[in-house]
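[1] Need a 3D model of the following:
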Amino acid sequence: MTTTSAAISQPLDTQAGVELMIRLEEVEKVYRTDRIETVALTNVNLAVRTGEFISIMGPSGSGKSTLLNIIGLLDVPSSGKVVINGRTINSYSDRNLSRVRNEEIGFIFQTFHLINDLSVQDNVEIPLLYRRSMTGGERRRLAQEALDRVGLSSRVHHFPSQLSGGQQQRVAIARAIVGKPRVLLADEPTGNLDSQMGDEIMDLLEGLNEQAGTTIIMVTHDPRQAEKTERIHRLFDGRQVN
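    Coordinates of the predicted model:
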């Protein structure tokens with residue numbers, strides 16, 4: 001995979017024939033309390049092609065996770081426009097945001113966020129519980145397919161505490177892809193793993209991107225992993241840098 005370093009404002013949407021999955025225009029995020037105002041993002045412009053795998057880098061506090069949360073519809077910008085799959089979502093109701101988030105976006109976190117009292121299979125099925133028209137049999141089938149894709153079909157009845165860190169992250173990835181999302185957001189997915197396990201997780205993400213055409217945005221501190229993505233974008237103090 002060829003990598004180039006680019007500003008987040010790279011005008012991909014001006015290229016003929018380019019289909020964009022995500023577009024942010026002049027996005028700002030400000031957190032306010034009675035006594036203090038914290039600017040997390042300033043004038044961020046982002047264009048991500050359908051099926052692209054990009055990484056976002058920057059020091060702690062640079063706004064990386066805030067940006068990922070806005071793209072994932074977990075947070076809303078203070079100003080600016082957010083377009084996901086051709087739809088401007090700024091005016092969406094909480095219910096519609098939840099629907100888009102559940103059906104089209106998958107999340108992978110550094111700390112896995114698995115429920116220890118649930119089996120691997122039950123953990124993977126969790127996102128599907130919000131799809132009321134889906135039967136229990138359909139949920140089990142999709143969960144088994146997702147676990148097979150991450151190489152854990154033999155661990156369906158295990159519990160998270162019985163798995164290694166790398167296996168737990170694979171379960172988290174299976175949970176993220178079980179609903180067949182078009183966008184996968186990964187926040188430091190290799191941050192809690194040793195280098196070998198980290199490389200295995202990156203291989204898995206690259207496979208999902210190349211074989212399923214999943215659009216992936218990954219936040220990482222690791223330049224070695226970032227170099228494996230198509231483009232590297234950098235933030236510093238909430239601003240884009242070259």
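
[2] right, and L204 touches Q167 too?
    No. Look at L204 against Q167 with CB atoms under 8 Å: they stay out of range, at 11.6 Å. In short, each C-beta sits where N, CA and C put it, glycine included.

[3] In which helix or strand does R140 reside?
    helix 136-149 (DSSP states H and E).

[4] following that helix, which helix or strand shows up next?
    Per DSSP H and E, helix 136-149 leads on to helix 165-177 as the next helix or strand towards the C-terminus.

[5] Tell me the first helix or strand C-terminal of the lengthiest helix in the chain.
    As assigned by DSSP state H, the longest helix anywhere in the chain is helix 195-212. Once the chain leaves helix 195-212, the next helix or strand it forms, by DSSP H and E, is strand 215-219.

[6] helices or strands next to the helix holding R140 in the packing?
    Judged by 3 or more CB pairs under 8 Å, 6 or more residues apart in numbering; DSSP states H and E, the packing partners of helix 136-149 are helix 120-125, helix 165-177.

[7] how about those, which one is nearest S78?
    Comparison of the helices and strands packed on helix 136-149 against S78 by CB to CB identifies helix 165-177 as nearest, at 27.6 Å.

[8] what's the angle from the next helix-or-strand element following the closest one to strand 215-219?
    As assigned by DSSP H and E, the chain's next helix or strand after helix 165-177 is strand 183-187. Angle of strand 183-187 versus strand 215-219, following axes from the mean of the first three to the mean of the last three CA atoms, to 10 degrees, is 10 degrees.

[9] For strand 183-187, report the contacting residues that lie outside it.
    Strand 183-187 is contacted from outside by 21-22, 64-65, 68, 71-72, 84-85, 104-110, 176-177, 205, 208, 214-219, using CB atoms under 8 Å, 6 or more residues apart in numbering.

[10] How about stretch 58-66?
    29, 40-41, 44, 56-57, 75, 187, 219, 234-239, 241.

[11] biggest separation within the residues you listed, which pair?
    D75 and V241 (21.9 Å).

[12] what comes up buried for the longest helix of the chain?
    Neighbour-count burial for helix 195-212 flags 197-202, 204-205, 208-209 (criterion: 16 or more other CB atoms under 10 Å).

[13] Nearest to G136 among the contacts of stretch 58-66?
    D187 (30.3 Å).

[14] Name whatever forms a beta bridge with the closest one.
    Judged by DSSP bridges, the bridge partners of D187 are F109, V219.

[15] returning to what we had before: which of the contacts of strand 183-187 are buried?
    21-22, 64-65, 68, 71-72, 84-85, 104-110, 176-177, 205, 208, 214-219.
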